[in-house]
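**Q** here is the input, now give the coordinates:
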Amino acid sequence: MALMTSSYGYAQNYTQSFEPLPASIIDKTKNTALIALGKKLYLDPRLSVNDKISCNSCHQLNNFGVDNQPTSPGHDGRRGNRNSPTTFNAALHMAQFWDGRARDVEEQALGPILNPIEMGMPSEEAVVSKLKNIGEYQVMFAEAFKDEEDPIQYRNIGKAIGAFERTLIIPSRFDDFLKGDESALSAVEKRGLKKFVRMGCSNCHNGVVIGGNSYKKLGLFEPYETDDLGRYEVTGLETDKRVFKVPGLRNVTKTAPYFHDGSVATLDEAIRKMAKYQLGRDVGPGFINDVKAFLGSLASKQ
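**A** As a prediction, the model looks like this:
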């Protein structure tokens with residue numbers, strides 16, 4: 001990909017590939033009650049069948065939205081087959097889950113509650129009944145959904161959690177750089193950014209979340225061994241076998257392990273494998289170290 005030339009500064013060379021995070025994607029003033037309800041639900045283990053697992057169990061707010069496990073344990077200790085991605089900036093993705101089966105964070109939030117391995121609630125009705133027996137939720141749902149006669153509905157749980165997740169838009173030094181602050185990145189980080197673009201990594205990892213806006217086959221240049229059929233399980237299309245949503249790279253230095261199954265322990269290995277399987281290139285430690293340095297600039301300023 002050719003770099004744009006500009007008289008406005010070095011950072012402008014990269015604005016064709018990347019965008020800074022927006023300041024906000026939800027009106028926090030108009031949605032104060034909805035966001036407060038969503039945060040409480042996000043943190044509440046009572047949404048699980050045995051009152052042990054919350055959204056925050058796998059997507060920890062004090063840990064860049066992840067639990068740093070290959071796959072996450074559910075209410076009875078069993079694990080799913082896919083890695084839990086970060087909820088930070090997730091609302092800006094084109095779709096949710098590795099296979100894109102949920103269109104937005106509001107829809108995604110409802111899935112794990114009824115998943116038998118994750119939170120294990122038996123039905124929507126059971127969830128609603130449980131919340132209706134909690135006085136605090138009666139008050140909070142009524143405040144958040146003032147126009148509804150019976151506000152504690154299953155769909156409204158997703159609306160509230162989704163509203164809270166839309167507040168998890170947390171900028172990084174790379175955003176400062178894209179806005180024109182040349183000093184926001186070090187010399188090695190800038191060198192890594194240049195290599196990242198020139199190698200072709202930004203052909204998939206681009207836009208506002210540095211990914212999250214397309215689906216790609218895992219193993220474009222060399223076959224990648226995995227039993228997970230990815231998006232094929234959603235569409236049934238042969239061309240979607242082993243196709244996954246391209247992960248966003250914001251906070252990637254904080255969210256190990258990597259790939260859809262959490263099978264890659266280190267970022268060094270992830271960079272090497274991506275170069276090999278997706279770009280058909282063998283890369284050495286110099287490339288890996290520089291690109292890893294650049295990726296460090298994508299960490300949210302918590």
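**Q** what about residue 216, neighbour count?
**A** If you count neighbours by other CB atoms under 10 Å, residue 216 ends up with 17. (C-beta placed from N, C-alpha, C; glycine too.)
**Q** what's opposite it in the beta bridge?
**A** Residues in a beta bridge with residue 216, per DSSP bridges, are residue 244.
**Q** looking at it, it is touching residue 242, isn't it?
**A** No. Taking contacts as CB atoms under 8 Å, residue 216 lies outside contact range of residue 242: 9.7 Å.
**Q** tell me how many other residues surround residue 121.
**A** Neighbours of residue 121 (other CB under 10 Å): 23.
**Q** got a list of what it touches?
**A** 47-49, 113-114, 127, 130 (CB atoms under 8 Å, 6 or more residues apart in numbering).
**Q** most widely separated two among these?
**A** 114 and 130 (12.6 Å; CB to CB).
**Q** how about the helices in the stretch 201-302 of the chain?
**A** 232-235, 267-279, 285-296 (DSSP state H, counting those that start in this stretch).
**Q** mind putting these in CSV, distance to residue 88 included?
**A** Shown next, in CSV, are the helices of the stretch 201-302 of the chain (distance: least, CB to CB, whole Å):
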stretch, distance to residue 88
helix 232-235, 24
helix 267-279, 17
helix 285-296, 15
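**Q** closest one to residue 253 among these?
**A** Taking the helices of the stretch 201-302 of the chain one by one with CB to CB, helix 285-296 is closest: 4.9 Å.
**Q** what's around the residue lying closest to residue 132 once chain neighbours are set aside, how many residues?
**A** Using CB to CB, 6 or more residues apart in numbering and skipping residues adjacent in sequence, the residue nearest residue 132 is residue 152, 5.2 Å away. Number of residues near residue 152 (other CB under 10 Å) recorded here: 21.
**Q** ok, residue 152 - contacts?
**A** 128, 131-132, 137-138, 141 are the contacts of residue 152 under CB under 8 Å, 6+ apart.
**Q** again, but for residue 86
**A** 59, 64-66, 250-251, 255.
**Q** distance check, it against residue 250.
**A** Using CB to CB, to the nearest Å, residue 86 is found at 8 Å from residue 250.
**Q** now for the two: what residues contact both?
**A** With CB under 8 Å, 6+ apart as the test, residue 86 and residue 250 reach no residue in common.
**Q** quick revisit: okay if I get the helices of the stretch 201-302 of the chain as a markdown table plus mean neighbour count?
**A** Shown next, in a markdown table, are these (neighbours: other CB atoms under 10 Å):
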| stretch | mean neighbour count |
| --- | --- |
| helix 232-235 | 15 |
| helix 267-279 | 19 |
| helix 285-296 | 19 |
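**Q** okay, those helices in TSV with distance to residue 175 and mean pLDDT next?
**A** Below are those laid out as TSV (distance: least, CB to CB, whole Å; pLDDT from 0 to 100):
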stretch	distance to residue 175	mean pLDDT
helix 232-235	32	98
helix 267-279	20	98
helix 285-296	14	98
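**Q** minimum distance to residue 192: which of those helices has it?
**A** So among the helices of the stretch 201-302 of the chain, helix 285-296 is nearest, using CB to CB, at 3.1 Å.
**Q** number of nearby residues for the closest residue to residue 22 other than its chain neighbours?
**A** Using CB to CB, 6+ apart and skipping residues adjacent in sequence, the residue nearest residue 22 is residue 169, 6.7 Å away. A count of neighbours around residue 169, defined by other CB under 10 Å, yields 21.
**Q** ditto for residue 301
**A** 9.
**Q** if I look at it, how far off is residue 144?
**A** 29 Å.
**Q** got the contact list for residue 99?
**A** Applying CB under 8 Å, 6+ apart to residue 99 gives the contacts 230-231, 233-234, 244-245.
**Q** so which bits of stretch 34-46 are buried?
**A** Residues 34-39, 41-42, 44, 46 are the ones in stretch 34-46 that count as buried (16 or more other CB atoms under 10 Å).
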